[in-house]
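Peer 1: Build me a model:
(2 chains)
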There are 2 protein chains.
Amino acid sequence: MKYPNKINKQNTSFITHANRGMKLEALINSTNKYYNENNIALIFKRPTPVGIVDVSYQQNKKIINKAYFQEQSTLDYNGIYKGRYIDFDAKECASNTSFPLSNIHKHQTKHIKDVIDHQGISFLIIKLNTRIYYLDGNDYLSFINNNDRKSIPLSYFEEKGIEIKEKYNPDIDYLKAIDEIYFKGE
Amino acid sequence: MKYPNKINKQNTSFITHANRGMKLEALINSTNKYYNENNIALIFKRPTPVGIVDVSYQQNKKIINKAYFQEQSTLDYNGIYKGRYIDFDAKECASNTSFPLSNIHKHQTKHIKDVIDHQGISFLIIKLNTRIYYLDGNDYLSFINNNDRKSIPLSYFEEKGIEIKEKYNPDIDYLKAIDEIYFKGE
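Peer 2: The predicted structure is shown next:
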């Protein structure tokens, strides 16, 4: 005899514990889902743009027969929190001593600057091996404007960043860092 | 002998006049490009989400061999203007007497409400045959909450909407409508 409900429940619990190894993108997506469902913020991942080469029609439905992934012209996530415009990206690297700046493209740096110029909040969520940091856009720009280094050392994250600990519901509560920087005392 | 510059100039002028028949989406994209390049606002179209069925690799590059278009879970455009979060969609219909509400999906109506609840600005740009209207999210919600009608009549657009005339650079200056509603007297 099968007990599908029971089995599903066990599976869910197993998946929850397995979170520790989840990719950063999945953690952010689940966190955004939690924020959205609980009316805390309205933040979505922009779909990955796709360059379409060939399409055909099957029963009036468009089928893509050839396409390739394109680069996002902006950052990956945006939305609204406490009335403020939010725009950010997530990056991870294997190193636990420094974050290579080659991970961030020129047009992404420009986008961070543009968002801040328009009075929005822009930032990076960076996973250095197993530790996750919030790095505000202003601190990121200040680093690259004042350094010739090709990577941001861990010490800079420890000094300027805010560490985000993985937990459950939401998985990574990165809006806490925004509260600390932008809504302190409210 | 060829004069590529001269020919290009003529072509551009020809394209400009041909604007009149441009699809609404193209008009909005060119307008957003103008806003972005002139630091007026930072507004982008969210890429159309694609469900990937099959991929392969060619020289380390991912090629999509089968996929289909998915529905956007949000509205099509968002960004920031004068520090305010902006989120909207564009719709067109052939009729010049009313706009069928079947064009707007339930989850899109919910998204408009959510954005307003989070203190953002949400609206629709609706092209009724050849006339283009800005309809604020509040007026849209007020209509569907107070009517059993399956379409919004032209008279409602004339009363509550703001007509946007096509011009050149930008093609449709919809932020003027936002200025009128949200930034009057500034």
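Peer 1: contacts, neighbours, all on C-alpha from now
Peer 2: Fine.
Peer 1: For burial, what's the neighbour tally of residue A:70?
Peer 2: Residue A:70 has 11 neighbours, counted by other Cα atoms under 10 Å in any protein chain shown.
Peer 1: if I look at residue A:174, how far off is residue B:92?
Peer 2: According to Cα to Cα, to the nearest Å, residue A:174 and residue B:92 sit 39 Å apart.
Peer 1: And residue A:100, how close does it get to chain B?
Peer 2: According to Cα to the nearest Cα, to the nearest Å, residue A:100 and chain B sit 22 Å apart.
Peer 1: is it true that that residue touches residue A:144?
Peer 2: No - under the criterion of Cα atoms under 8 Å, residue A:100 makes no contact with residue A:144, lying 11.6 Å away.
Peer 1: which secondary structure element contains the spatially most central residue of chain A?
Peer 2: Nearest to the mean C-alpha position of chain A, by Cα atoms, centre = their mean, lies residue A:90 at 3.6 Å. Counting by DSSP states H and E, the element that carries residue A:90 is strand A:84-93.
Peer 1: who does that strand touch, helix- and strand-wise?
Peer 2: Contact analysis of strand A:84-93 by 3 or more Cα pairs under 8 Å, 6 or more residues apart in numbering or on different chains; DSSP states H and E lists helix A:24-37, strand A:77-81, helix A:106-117, strand A:121-128, strand B:84-93 as its packing neighbours.
Peer 1: Just checking: what are the partner strands of whatever helix or strand comes next after it?
Peer 2: Toward the C-terminus, strand A:84-93 is succeeded by strand A:98-100 as the next helix or strand (DSSP H and E). Taking DSSP bridges as the criterion, strand A:98-100 forms sheet pairs with strand A:151-153 (antiparallel).
Peer 1: And the average pLDDT for the partner strand is what?
Peer 2: Computed over strand A:151-153, the mean pLDDT rounds to 97.
Peer 1: do stretch A:87-101 as well
Peer 2: 96.
Peer 1: Return the distance of that stretch from the chain's centre.
Peer 2: Centroid separation for stretch A:87-101 versus its chain: 11 Å, with Cα atoms, centre = their mean, to the nearest Å.
Peer 1: who's in contact with that stretch?
Peer 2: A:24-25, A:75-79, A:103, A:112, A:115, A:120-131, A:150-154 (Cα atoms under 8 Å, 6 or more residues apart in numbering or on different chains).
Peer 1: of those residues, buried ones?
Peer 2: Neighbour-count burial within the contacts of stretch A:87-101 applies to A:24-25, A:75-79, A:112, A:115, A:120-128, A:130, A:151-152, A:154; the criterion is 16 or more other Cα atoms under 10 Å in any protein chain shown.
Peer 1: Show me the beta-bridge partners of the residue nearest to the centre of chain A.
Peer 2: As for beta bridges, residue A:90 partners with residue A:125 under DSSP bridges.
Peer 1: Out of the helices and strands in chain A, which is least certain?
Peer 2: helix A:4-18 (a mean of 39; mean pLDDT, DSSP states H and E).
Peer 1: what's the first-to-last distance across stretch A:50-64?
Peer 2: One end of stretch A:50-64 sits 10 Å from the other (Cα to Cα).
Peer 1: is chain B contacted by that stretch?
Peer 2: Yes - using Cα under 8 Å from any Cα of the partner chain, we find that stretch A:50-64 touches chain B at A:50, A:62, A:63, A:64.
Peer 1: Can you tell me which of those has the most neighbours?
Peer 2: If you rank the residues of stretch A:50-64 next to chain B by neighbour count (other Cα under 10 Å), residue A:64 sits at the top with 22 neighbours.
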